[in-house]
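Peer 1: based on what follows, work out the 3D shape:
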Amino acid sequence: MAKQTFTTGQVLTAAQVNSLQSNDFNQTVSAKTASYTLVAADKGTRIEFNTSGSVTCTVNSGLFDAGDTLIIQNRGAGTVTVTAGTATVNTSATLALAQYDAGTLYFISDSAAIFFNTDAGGGSPLTTKGDIYTYSTADARLAVGSNGDTLVADSAATTGLRWNINQSAGKNAIINGDFRINQRAFTSTTTNGTYGFDRWLVGALDGTTTYSAETFTLGTAPVAGYEGVNFARIASTGQTSTTAISQLQQRIEDVRSFANQTITVSFWAKAASGTPKVTIEMRQVFGSGGSPSSSASATPAQVTLNTSWTRYSATIAVPSISGKTLGTTAGTSYLALNLWTSAGTDFNSRTNSLGIQTATIDFWGVQVEAGSVATAFQTATGTLQGELAACQRYYQKSYLQSTAPGTATTDGVIWNWVGTAGTGTLGTSVKLPVTMRIAPTLTIYDGSGNSAKCFRGAANKSVGTQTGSDGTITVFTTDATSSLEWYFHFVASAEL
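Peer 2: Numbers count the residues shown, from 1 in each chain. From the prediction side, this is the model:
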């Protein structure tokens, strides 16, 4: 029942009293399904809008007195905007009511009103799932951060808060995920099982698969603020066999890694042309020696690329190793990340039927971490020196970092002098800068690029015996040349 005017001595009927009492508790509701202009009879009532599109509720002067009120509410999906017609309408919040929002219109004169917004959002500036309601000089929105970001206080920020990239070292099980370390100084290879960038090897069977080292032009790396240097490229052509393989692989030490856990694999990639696919496979290898369990793969994931650097991610459930048997040769088990770019039908179950593709695909910023969220990319150790040391657990050399093993150079050689020239056996031990995974396989070079040779008075002299432990290598020469000096380069490999 709308607001009534009574005269002195008037006797109210029971129906009038009941109506007034009902209005005190429930108010008369006037339903609207389109834009509406308030009339005098609306005082003391509730105006309810229910529309799917945006509408207005217009307020004019000369219809209401000071002290009059009415409620405007929005039940529909469309926004209702309280609009000043000939009257003035002020508010400290918002005149726009979203679905299920409401407010009270209170008149301070016949031509001015205040809208007290009592809606569910309270005039909220929030617009997106995960936004945070904060304050600067007025209510403000802090947009949702990226997956894995941490909220930190920052007095320099407008609201005093900001999102911070999670730079937790150790979360990424992939070593050299940004392809920065290249101790082999490799440029390209087409040979199956060959390592290029540290810790990364290529799978290449049938046709031609070229694994190459590429360099970013300054300012073109995928992530702003993280100026990547190198990226890996896998180019596949001419494959027809059911056994065809083109893949980029890294072996994570110990098959126990992530066993029976959910992990997230993420990386940036782009195709030279078209929309080829990449299959992401995590494969458990139980080592060698004795009768180890057969290798097992998690259910693979597959992504479709475009020609721009884009980050892709997949959540994978790594199988349990309960009941499995390790090989008897210690330290030979691993969990492999295989990024397949082409595969024959023999590998359909492992690649989600990827099939043979002729494609050139670039990779950068590879990360494998526990959990179901791809957090901000971080190398395994968080520092360049730390990443080099992590790589040297598997491969190290005496050559300068930028020099390919086998190059004719004396820079970095292990140089030895004796007090008196002689023809007997000479030997020396070298303490490796980083303890290796296992006793490494050694390759010795003289300063002229000859393998299995050393310099003793001249190049190309035989190395009689070479031994290695995980932290020290020892090299001997039994060459009979009389000399005050002898030297050699070494390459030590303990790859999986």
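Peer 1: please count neighbours and contacts with C-alpha atoms only from this point.
Peer 2: Fine.
Peer 1: so who does S482 touch?
Peer 2: Contact partners of S482, counting by CA atoms under 8 Å, 6 or more residues apart in numbering, are A421, G422, T423, R456, G457.
Peer 1: quick one: the third one and S483 touch, right?
Peer 2: Yes - using CA atoms under 8 Å, T423 is in contact with S483, at 7.3 Å.
Peer 1: shaky segments in this structure?
Peer 2: Applying pLDDT under 70 to the chain flags residues 1-5, 17-26, 119-124, 165-169.
Peer 1: domain parsing for it?
Peer 2: Following automatic domain parsing, the chain resolves into domains at 14-117, 132-164, 188-391, 396-493.
Peer 1: figure out how far the second one is from the centre of its chain.
Peer 2: Once both centres are worked out by CA atoms, centre = their mean, to the nearest Å, domain 132-164 turns out to sit 21 Å from its chain's centre.
Peer 1: hmm, back to that, and T423 and S483? Which one has more around it.
Peer 2: Per other CA atoms under 10 Å, whichever of T423 and S483 has more neighbours is S483, with 18 against 14.
Peer 1: measure the more buried one to A98 for me?
Peer 2: According to CA to CA, to the nearest Å, S483 and A98 sit 91 Å apart.
Peer 1: returning to what we had before: can I get the domains of the chain in a markdown table including distance to T7?
Peer 2: Formatted as a markdown table, those follow (distance: least, CA to CA, whole Å):
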| stretch | distance to T7 |
| --- | --- |
| domain 14-117 | 14 |
| domain 132-164 | 49 |
| domain 188-391 | 72 |
| domain 396-493 | 101 |
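Peer 1: looking at those, which is closest to T8?
Peer 2: If you check each of these against T8 by CA to CA, domain 14-117 wins as the nearest, at 15.8 Å.
Peer 1: for that closest one, measure first residue to last.
Peer 2: Note: domain 14-117 ends 35 Å apart using CA to CA.
Peer 1: what's the offset of that domain from the middle of its chain?
Peer 2: 49 Å.
Peer 1: for stretch 431-441, same thing?
Peer 2: Counting by CA atoms, centre = their mean, stretch 431-441 comes out at 32 Å from the chain centroid.
Peer 1: show me the contact partners of it.
Peer 2: Contacts of stretch 431-441 (CA under 8 Å, 6+ apart): 331, 389, 392-395, 468-473, 492-495.
Peer 1: try 7 Å
Peer 2: 389, 392-394, 468-473, 492-494 (CA atoms under 7 Å, 6 or more residues apart in numbering).
Peer 1: what residues sit buried inside that stretch?
Peer 2: Neighbour-count burial for stretch 431-441, counted by 16 or more other CA atoms under 10 Å, picks out L432, V434, T435, M436, R437, I438, A439, P440, T441.
Peer 1: farthest-apart pair in those residues, please.
Peer 2: Taking CA to CA as the measure, these span a maximum distance of 15.0 Å, between V434 and T441.
Peer 1: just the helices in the stretch 1-150 of the chain please.
Peer 2: For the stretch 1-150 of the chain, the helices defined by DSSP state H, counting those that start in this stretch occupy 14-26.
Peer 1: repeat that for the stretch 251-400 of the chain.
Peer 2: Using DSSP H, counting those that start in this stretch, helices in the stretch 251-400 of the chain cover 348-351, 384-392.
Peer 1: could you dump those helices into TSV and include mean neighbour count and distance to N176?
Peer 2: Listed next are those as TSV, based on neighbours: other CA atoms under 10 Å; distance: least, CA to CA, whole Å:
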stretch	mean neighbour count	distance to N176
helix 348-351	18	24
helix 384-392	18	6
